[in-house]
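*Asks:* just coords:
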Ligand code: VG1
Ligand code: CO
């Protein structure tokens, strides 16, 4: 066998967004489109000759084909070894775990995460570095620059490999190890959590439902919850990964995971409900009768993490993305640890985790994680919750209520306006940016603006600066509105509006969310003139 050099010309649109390159499947199926991007990634890995690379994805449509292409390009570029999950599968956190454990130079993660799959659905390719985390901006920019100049790629002539069997083969001098996608990850979870206590919890009759939404976490959740911990068979539903996620939109929120949501809010709710997304890095937590916002979940996990063996020594610090509610900041203040505010996207947590400044971090979009890997990790969050439930012996809903009475409650909602006209979205953001200087001190809809700015992040570790990360407006009444455009959508633009308000009076902790946030929502619409500029009177998704 040999490899060849294939002449190619650049595509102009291979700019990675919040989390890698995401496009519709037909875009990825254009001639050489995948090959160009993979070669560009490899061109940006300095010491790749002889090194180890990890390849795996969330199992969506086109995953297997792209895994084969990536393997052959890696072989032709002189990698020493590739670790690939069986059937091309690796959840995003498992890929991060495998990269770290096997000292790989990086990993190619095939996923469009929570976006729908199938022939007309979305696909994505993301590069993670040797720390297991998403490549930082400096690297994604270099990859993009490379895609604009690429003239050829190298690829092996080897036939497709059998990825269905665990084992080792060699192509063009490169070793390919097909690995069990679950094993390394499950071993790591066993180190972090008290599996004996969790087994006892399930043996005592504790019931939960985990909805894998026909995406990648099914095999992980079954092996760990039902296999290792003895949860009843059937605890994991929609546990077989499907290329089109069984028609589901694999986004764990009350809209797309409504079956779980309805069960947990109904009369037959088990003790605990959770769901994960396409690639396994997100989590939704629902207690009986009570949806836990991701921002509250992060805060509660920070307050109780020391109850799990992996965090018994306490937390070095915490971080949250800017639009995530300030609930975790209150916990950090009480613990006397640092709290950081980063731009949206997990790549911004990497430096803080690597430098040991933080132990836990999270995002309002249902992402929570820790220093155990360099990605957010859905099942990890579920296991930490379970460990806390086992250690305290308290029901999940009681823990949340206790949390509110200790720290107060950050009422929270996000309104997404999906697939709006890209020009209109840009105009809306431009107008807001022009306006913000004059806002402080003005009153609108009964709320007085305290401060307004366009979030700019200076990385505390390496000093790198990231500008224009979203307009945030805070009010004297302890409310906040944030506006930003999504960087993961594949059609038009998506405007995200994040709305929150803090209440600490004991009689104001259990009010209907709409009642507390209604006035702030009205101000959010008025301030940005959303309907006039986008033609949308209502958001398409409310979380
Ligand atoms: C969204 C979320 C962000 C998350 C990103 C990737 O980005 O807001 O918090 O990190 O998705 O998550 P955006 O730019 O569309 O708002 V995943 O589970 O898609 O890897
Ligand atoms: Co995801």
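*Replies:* Yes, it's here. Everything numeric in this text was worked out from a predicted model, so none of it was measured. Ligands and ions are numbered 1, 2, ... in the order given.
*Asks:* Tell me, how many residues neighbour the closest residue in space to residue 228 that isn't next to it in sequence?
*Replies:* In space, and not counting its chain neighbours, residue 228 is closest to residue 195: 6.3 Å by CB to CB, 6 or more residues apart in numbering. For the C-beta atoms, the positions are set from N, CA and C on the backbone; glycine is no exception. By the criterion of other CB atoms under 10 Å, residue 195 has 19 neighbours.
*Asks:* pretty sure residue 195 is touching residue 231, no?
*Replies:* No - taking contacts as CB atoms under 8 Å, residue 195 lies outside contact range of residue 231: 11.9 Å.
*Asks:* returning to what we had before: can you give me the separation between the residue nearest to residue 228 and residue 159?
*Replies:* 42 Å (CB to CB, to the nearest Å).
*Asks:* ditto for residue 260
*Replies:* Applying CB to CB to residue 260 and residue 159 gives a distance of 42 Å.
*Asks:* And for residue 77?
*Replies:* Applying CB to CB to residue 77 and residue 159 gives a distance of 18 Å.
*Asks:* which one of these two has more residues nearby?
*Replies:* Between residue 77 and residue 159, counting by other CB under 10 Å, residue 77 is the more crowded of the two (22 against 10).
*Asks:* Is the more buried one in contact with residue 154, as I believe?
*Replies:* Yes - between residue 77 and residue 154 there is a contact under CB under 8 Å: 5.5 Å.
*Asks:* low pLDDT regions in this structure?
*Replies:* 1 (pLDDT under 70).
*Asks:* Spell out which parts of it neighbour ligand 1.
*Replies:* 18-19, 113-114, 277, 281-282, 321, 344-346, 363, 365, 367, 486-488, 496 (CB under 6 Å from any ligand atom).
*Asks:* Distance-wise, check the residue in the stretch 51-200 of the chain that ligand 2 sits nearest to relative to residue 462.
*Replies:* Residue nearest to ligand 2 within the stretch 51-200 of the chain: residue 113 (3.1 Å; CB to the ion). To residue 462, residue 113 is 26 Å away according to CB to CB.
*Asks:* Which of the two has more residues huddled nearby?
*Replies:* Neighbour count, other CB under 10 Å: between residue 113 and residue 462, residue 113 has more, with 27 against 11.
*Asks:* Looks to me like the more buried one is in a helix.
*Replies:* No - counting by DSSP: H, G, I helix; E, B strand; the rest coil, residue 113 is not part of a helix but coil.
*Asks:* coming back round to it: quick one, which of the residues of the chain next to ligand 1 are buried?
*Replies:* Buried members of those, counted by 16 or more other CB atoms under 10 Å: 18-19, 113-114, 277, 281-282, 321, 344-346, 363, 365, 367, 486, 488, 496.
*Asks:* give the contact list for the residue in the stretch 1-150 of the chain that ligand 1 sits nearest to.
*Replies:* Going by CB to the nearest ligand atom, ligand 1 is nearest to residue 113 of the stretch 1-150 of the chain, at 2.9 Å. Taking CB atoms under 8 Å, 6 or more residues apart in numbering, we find residue 113 in contact with 19, 22, 58, 92, 124, 250, 277, 278, 279, 281, 282, 488.
*Asks:* for residue 126, what are its contacts?
*Replies:* Neighbour list for residue 126: 16, 19, 20, 21, 108, 109, 110, 111, 134, 135 [criterion: CB under 8 Å, 6+ apart].
*Asks:* Quickly list what it is bridged to.
*Replies:* residue 109 (DSSP bridges).
*Asks:* Which residues of this structure lie near ligand 2?
*Replies:* Within the chain, the residues that sit near ligand 2 (CB under 5 Å from the ion) are 113, 277, 279, 281, 282.
*Asks:* And the chain, what are its domain boundaries?
*Replies:* 3-181, 185-407, 409-542 (automatic domain parsing).
*Asks:* And stretch 473-485, end to end?
*Replies:* By CA to CA, to the nearest Å, the extent of stretch 473-485 from end to end equals 15 Å.
*Asks:* again with stretch 236-252
*Replies:* Terminal-residue distance, stretch 236-252 (CA to CA): 14 Å.
*Asks:* Show me which positions of it end up buried.
*Replies:* When neighbours are counted by 16+ other CB under 10 Å, the buried residues of stretch 236-252 are found to be 236-239, 241-245, 248-252.
*Asks:* can you list contacts of it?
*Replies:* 58-61, 63, 89, 113-118, 121, 209-216, 218-219, 221-222, 225-226, 256-257, 275-278, 282-284, 366, 378.
*Asks:* cool, stretch 23-40 as well?
*Replies:* Applying CB under 8 Å, 6+ apart, the set of residues contacting stretch 23-40 is 6, 8-11, 13-14, 21, 61-62, 66, 69-70, 73, 77, 108, 117-125, 143-144, 146-147, 150, 152-155, 490-491.
*Asks:* do the same with stretch 508-525
*Replies:* 401, 404-405, 408-409, 411-413, 415, 444-447, 475, 479, 481, 483, 497, 499-501, 503, 530-531.
*Asks:* Would you mind listing which of those are buried?
*Replies:* 401, 404, 408-409, 411-413, 415, 447, 475, 479, 481, 483, 497, 499-501, 503, 530.
*Asks:* Where do the helices of the stretch 201-350 of the chain begin and end?
*Replies:* 217-221, 258-265, 294-304, 327-335, 350-354 (DSSP state H, counting those that start in this stretch).
*Asks:* Buried residues of the fourth one, list them for me.
*Replies:* Applying a neighbour-count criterion of 16+ other CB under 10 Å, one finds 327, 328, 329, 330, 331, 332, 335 buried in helix 327-335.
*Asks:* Ligand 2: which of the residues you listed is nearest?
*Replies:* Once CB to the ion is applied, the member of these that ends up nearest ligand 2 is residue 328, at 20.1 Å.
*Asks:* Quick check: that closest one touching residue 364?
*Replies:* No - counting by CB under 8 Å, residue 328 stays clear of residue 364, with 10.6 Å between them.
*Asks:* Find residues that contact each of these two.
*Replies:* 295, 320.
*Asks:* Pull the number of nearby residues for the closest residue to residue 436 other than its chain neighbours.
*Replies:* Nearest non-adjacent residue to residue 436, counting by CB to CB, 6+ apart: residue 452, 4.0 Å away. For residue 452, the tally of surrounding residues (other CB under 10 Å) stands at 21.
*Asks:* strands paired with the helix or strand residue 168 falls within, and their directions?
*Replies:* Here residue 168 sits within strand 167-171, counting by DSSP states H and E. Strand 167-171 sits in its sheet next to strand 174-179 (antiparallel), going by DSSP bridges.
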